[in-house]
Each structure stands twice: as structure tokens, then as C-alpha cells.
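Q: I need the structure of the sequence given here:
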Amino acid sequence: MTCDDTPNDEQHGELRDGCPALEIDLDAIAANWRLLREKHARKHCAAVIKADGYGLGAARIAPVLQDAGCREFFVAHAEEGAALRPVLGDGARIFILNGFNVAARDIYAESSLIPVLNTIAEIADFIACGGRDCIVHFDTGMTRLGLDPAQTDALLARKDWLGRLNILYWMSHLACADTPDHPLNAKQLGTFRALLARLPEAPATLANSSGIFLGPDYHFDLLRPGYALYGGNPVPGQDNPMRRVVDLQARVLQIHDIDTAKTVGYGATRGVSGGQRIATAAIGYADGYMRSLSNAGYGYFKGNILPVTGRISMDLTTFDVTDLPEGAIVPGDRIELIGAHVSVDQVAAAAGTIGYEILTRLGKRCHRIYRQG
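A: Residues are numbered from 1 along each chain as shown. As a prediction, this is how the structure comes out:
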């Protein structure tokens, strides 16, 4: 029996075979989308569900967002969009952020996918394949994807091309929206406005999750939240306005009562002494609990912070449970790794990364439990 089809214990909501339990609150995702939509003057808000809904399951999340009123969805690749089309039906627009690939033109046609065109070459290929509906993306300071100034001039010179395209949105993307006072935000906004003044009239979209909180000047005609939908904090350094979505728990397998000085884990990177107690839990980097959390991360159990002690291995992580009363934690108990007391952003800070990576790394061995209603 695999983790995906392991039944839950009806009384305790625990997994019988010890896999990490990843609970995903679908109602919270819908509530987060509604909160963000309300920030837009005309209530136009899309949802970014690339990377399998930031690792949480796009096929389960997309219909919930659709039921909440979302009609426009962004993914990275055509294959992601094709997988979502039967889930969403014909009433949703599905945009492909990574552009148009001629080799995938049949996928675009069969699944009614709409590309975000990032280069002059993509625009030419799209027109040659008979495409019409699209988004055109401009680089205003990210230096990643999008038409640069020379390519923008080339596009404006091709009035025949512009006449053959149905531009659903002009688009750009903010590089530093999670740092509100960064000067690049205002610079990108000014650059984008100057571009729009030169372009044929069409709706525009700029704001990602953090960009929404920069204010109405950044909102234009469509908001494009991603991370905030899944409970990540779009305003670092301030209280998180989003509802928590994810709870990750790992089952304790063994308790070690330390009687003499010794070391814990691979590489003997952490020493322990007599009187300490170590709990071994069934989660490791193969489950997405990052190795960089070794001797840096922490869990939570019954009012106590439990430091990760020693290196995280492929399947196991060890925690210092010395501060708990003897017998307070036993094999079969679960340690909270993400949840009400340990946010995904706190885990990311301990790992030296961002919450986006924490979510998208959560592995398939984590048994996903969807909560709704």
C-alpha cells in the first residue's frame, strides 16, 4: 500500500503507516483568493497554479478556485495547462507563462491554451501557426522573460502582426515587490506605464502576490497572485494577512534517552550529553524537508519548540525533546513542522531559502489530506 492510498485513522486523523501527513485547507485557499480579489477595484483576479499548485495539487485546487469565481489561471508549461483543461472545462482561460513552443502547437490547439509571448520569435511562430488570443510580456527590469526595448520597437513596427493578434493583456512582472521600498518597484511601474502609452489599447497586468499590496497603482486590469493563495506571507516583516493553508506533521518513530556523551546523525555534526532525549521522526529530504534545515530547523509539540539536532537524512529527522517532561512524547505522536506554530516562511528562513521552495519541494511520499467544508 502506497502513501497516496493509505487510509486515515478515523478517530485521530493520523496515518497508520508513518508517512508524513500534509494537510491542505482548500477553503483557506478559496478565502485567500477572495481576499486578494477584493483588493482590486473591479474584482479581476487570476490564480497562479503552476508547479502543481505550488506543490499542493493543482487538480484539487483549481476547481475550488473556479467555484470561488476565478476564471483565469496561469501555469508555466503547456503540459500543465493540458492537464488542467479537463478539470476546469471550457469556462476558464489557461495561460502558459513560459511562452509558445511550435513543437507543442497541437497541445495549445487541443486544450485551448493561451500563451504568454515573451520574444519576437515566439510572436512570429505563434502568428505563423494561426494563433490569435495571447498575452504579450515585456521585460521592465526583471531581466528574465519578456520583450526588451529593441524587441518592443520591432513589434511596434509590425502593425500587420499587431492586427493579427488578439491581445488579452499586456503584461510585465515585478522583481522586488516583496520589498515595498525598493526603488525598482517604482521604476518598473513607470517603465510599464510608458510602454502602455505606446502600445495599442488593451488590458494590462503587473501585480503578483506582493505587488497587490503595493497599492492600486500596481493593479491595472488583472491581479496575478500565486504564493499568497497558499498561505505564504506577501508582506514580509508584517503580520501575514493570508489564512494558513498547509499543516505538515511527521510521526515519531523512536525516543533515545541519552546516558553518556555521543553524537547524532551523519557526520557527527551535533553532540549530546547525558540527560538529553532525542526523538527520531519519519521525514527527511526525500519528503521535501530540506537538508539545509539540519541543526537549524525546528518542530513544535505541546507548547514546546523542538530543535532539529544533527543532519537531516533521506527519510529521518532527529529532534531534541529534552525540554518535554519524560513520557510526554512517545512513538506514534506527531511533530508539527509547518502549521499554526511554525509558518512556512519561518521554515524557509531557517533553511536559508524562500517559502515558495519549501512548498514546491514537498514530496510525493507526503500523504496529502484535503480539508474542505
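Q: Going by contacts, tell me the helices and strands next to the biggest helix by length in the chain.
A: In the chain, assigned by DSSP state H, the helix with the most residues is helix 183-198. Judged by 3 or more Cβ pairs under 8 Å, 6 or more residues apart in numbering; DSSP states H and E, helix 183-198 is in contact with helix 149-157. Backbone N, C-alpha and C define where each C-beta goes, glycine included.
Q: Could you pull out the buried residues of the helix it packs on?
A: 151-152, 155 (16 or more other Cβ atoms under 10 Å).
Q: And for stretch 265-276?
A: Here stretch 265-276 shows 265, 270, 272, 276 as buried, counting by 16+ other Cβ under 10 Å.
Q: hey, where'd the helices end up in the stretch 151-300 of the chain?
A: 159-164, 183-198, 209-212 (DSSP state H, counting those that start in this stretch).
Q: Contacts for the shortest one, please.
A: In this case it means helix 209-212. The contact list for helix 209-212 (Cβ atoms under 8 Å, 6 or more residues apart in numbering) reads 36, 39-40, 174, 177-178, 218-219, 223, 225-229, 232, 234-235.
Q: Just the residues you listed: which are in strands?
A: Applying DSSP state E to those, no entry is found in strands.
Q: Provide a list of residues in contact with Leu117.
A: Here Leu117 is in contact with 99-100, 123, 126, 134-137 (Cβ under 8 Å, 6+ apart).
Q: Check Gly310 too.
A: 263-266, 269-270, 294-295, 318.
Q: sorry, back to before: pick the one among the contacts of Leu117 closest to Asp160.
A: Comparing those against Asp160 with Cβ to Cβ places Ile123 closest, at 11.6 Å.
Q: element containing that closest one?
A: Using DSSP states H and E, the element containing Ile123 is helix 120-128.
Q: which other residues reach that helix?
A: Outside of helix 120-128, the residues within contact range by Cβ under 8 Å, 6+ apart are 99-100, 102, 115, 117, 134, 136, 147, 151, 154-155, 161, 164-165.
Q: still on that earlier bit, most widely separated two among the contacts of Gly310?
A: Thr263 and Ser294 (13.0 Å).
Q: In contact with Asp139, which residues?
A: Asp139 touches 145-148, 172, counting by Cβ under 8 Å, 6+ apart.
Q: longest strand in the protein, by residue count?
A: strand 246-257.
Q: Can you give the distance of that strand from its chain's centre?
A: With Cα atoms, centre = their mean, to the nearest Å as the basis, strand 246-257 stands 25 Å off its chain's centre.
Q: One more: stretch 320-327?
A: Using Cα atoms, centre = their mean, the distance between the centre of stretch 320-327 and that of its chain works out at 34 Å.
Q: Help me confirm that Cys19 is found in a strand?
A: No - counting by DSSP: H, G, I helix; E, B strand; the rest coil, Cys19 falls outside a strand, being coil.
Q: my guess is it meets Cys366, correct?
A: Yes - between Cys19 and Cys366 there is a contact under Cβ atoms under 8 Å: 6.8 Å.
Q: Of the two, which one has the most company?
A: Cys366 (23 against 19; other Cβ atoms under 10 Å).
Q: Just the CA trace of stretch 178-187, in PDB.
A: Extracted in PDB, the C-alpha atoms of stretch 178-187 (Å, rounded to 0.1, in the frame of the first residue of the first chain):
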ATOM      1  CA  ASP A 178       8.200  41.800  -1.600                       C
ATOM      2  CA  THR A 179      10.500  44.800  -0.700                       C
ATOM      3  CA  PRO A 180       8.000  47.700  -0.800                       C
ATOM      4  CA  ASP A 181      10.600  50.500  -0.600                       C
ATOM      5  CA  HIS A 182      12.900  49.000  -3.300                       C
ATOM      6  CA  PRO A 183      13.400  51.700  -6.000                       C
ATOM      7  CA  LEU A 184      13.000  49.100  -8.700                       C
ATOM      8  CA  ASN A 185       9.300  48.800  -8.000                       C
ATOM      9  CA  ALA A 186       8.500  52.500  -8.900                       C
ATOM     10  CA  LYS A 187      11.000  52.300 -11.800                       C
END
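Q: How about that stretch, which residues are buried there?
A: 178, 180, 184-185.
Q: And stretch 318-334, by the same measure?
A: Buried residues in stretch 318-334, defined by neighbour count with 16+ other Cβ under 10 Å: 318-322, 324, 329, 333-334.
Q: just stretch 118-133 next, same as before
A: 118-120, 122-123, 125-127, 131.
Q: for stretch 258-266, same thing?
A: Here stretch 258-266 shows 258, 264-265 as buried, counting by 16+ other Cβ under 10 Å.
Q: How about stretch 86-93?
A: So for stretch 86-93, counting by 16+ other Cβ under 10 Å, buried means 87-88, 92-93.
Q: quick one: which of these sit in strands?
A: Arg93.
Q: Where does the prediction get shaky in the chain?
A: 1-17 (pLDDT under 70).
Q: How far off centre is stretch 350-358?
A: 11 Å.
Q: Report the separation between the nearest residue to Ile338 once chain neighbours are set aside and Gln238.
A: Excluding the flanking residues, the one nearest Ile338 by Cβ to Cβ, 6 or more residues apart in numbering is Leu248, at 4.0 Å. Distance of Leu248 to Gln238, computed by Cβ to Cβ, to the nearest Å: 24 Å.
Q: gap between Ile335 and Gly57?
A: To Gly57, Ile335 is 23 Å away according to Cβ to Cβ.
Q: hmm, back to that, could you look up the next helix or strand downstream of the helix holding Ile123?
A: strand 133-137.
Q: Show me this structure divided up by domain.
A: By the assignment in automatic domain parsing, the chain contains the domains 39-230, 246-371.
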